[in-house]
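> Prediction below, plus the sequence it came from.
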Amino acid sequence: MKDKGYAIALDDYGKGESSLRIIKQLHPDFVKLDRYFAMDLSVSKEKQNVIQLLVEMCQQKNIHLILEGIEEPTDLAIVKALGVHLGQGNLLGRPLPISEIHHKKG
């Protein structure tokens, strides 16, 4: 797929049966962590440690790490401090109906 120009993304990583092996096998361009990791992140040292390890691994493999479910400013501050590449959540902007999204040409 990559040879044809497609990017590979893993969604909801950390939920269910996902493992580090799938990252090694697929060599994705993006790994999106399940929202579980964002909930109460600022008070969970264990979640912070897991995310830090994933950030380091993704940096070594040139993978963009995305954390979904960022809802609290304190959690966003931790996400930034840990070096997560991309974020998603209501704090950063609420989802919009496709009909309300305006595309800028140019």
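All right, it came through fine. Numbering: from 1, shown residues only.

> Residue 20 versus the residue nearest the centre of the chain, what's the distance?
What sits nearest the mean C-alpha location of the chain, by CA atoms, centre = their mean, is residue 66, with 1.6 Å. Applying CB to CB, to the nearest Å, the value for residue 66 to residue 20 is 17 Å. Just so you know, the C-beta spots here come from the backbone N, C-alpha and C atoms, and that holds for glycine as well.

> what's the pLDDT at residue 98?
Residue 98 is assigned 68 on the pLDDT scale.

> With residue 5 instead?
82.

> Tell me the spacing between it and residue 29.
11 Å.

> rewinding a little: partners of the residue nearest to the centre of the chain in the sheet?
residue 32, residue 86 (DSSP bridges).

> any weak-confidence spans in this protein?
16-18, 95, 98, 101-106 (pLDDT under 70).

> I'd say the residue nearest to the centre of the chain and residue 89 touch.
No: the criterion here is CB atoms under 8 Å, and residue 66 misses it with residue 89 at 10.5 Å.

> And the strands in this protein?
Along the chain, counting by DSSP state E, strands occupy 9-13, 30-33, 64-67, 86-87.

> List the neighbouring strands of the longest one plus their orientation.
Sheet pairing here is set by DSSP bridges, and for strand 9-13 it gives strand 30-33 (parallel).

> what's the strand it pairs with in contact with?
Outside strand 30-33, the residues that touch it by CB atoms under 8 Å, 6 or more residues apart in numbering are 7-14, 23, 51, 54, 58, 63-68, 86, 88.

> Strand 9-13 and the lengthiest helix in the chain, what's the angle between them?
Longest helix in the chain, counting residues (DSSP state H): helix 45-60. Compare the direction of helix 45-60 with that of strand 9-13 by axes from the mean of the first three to the mean of the last three CA atoms, to 10 degrees and you get 170 degrees.
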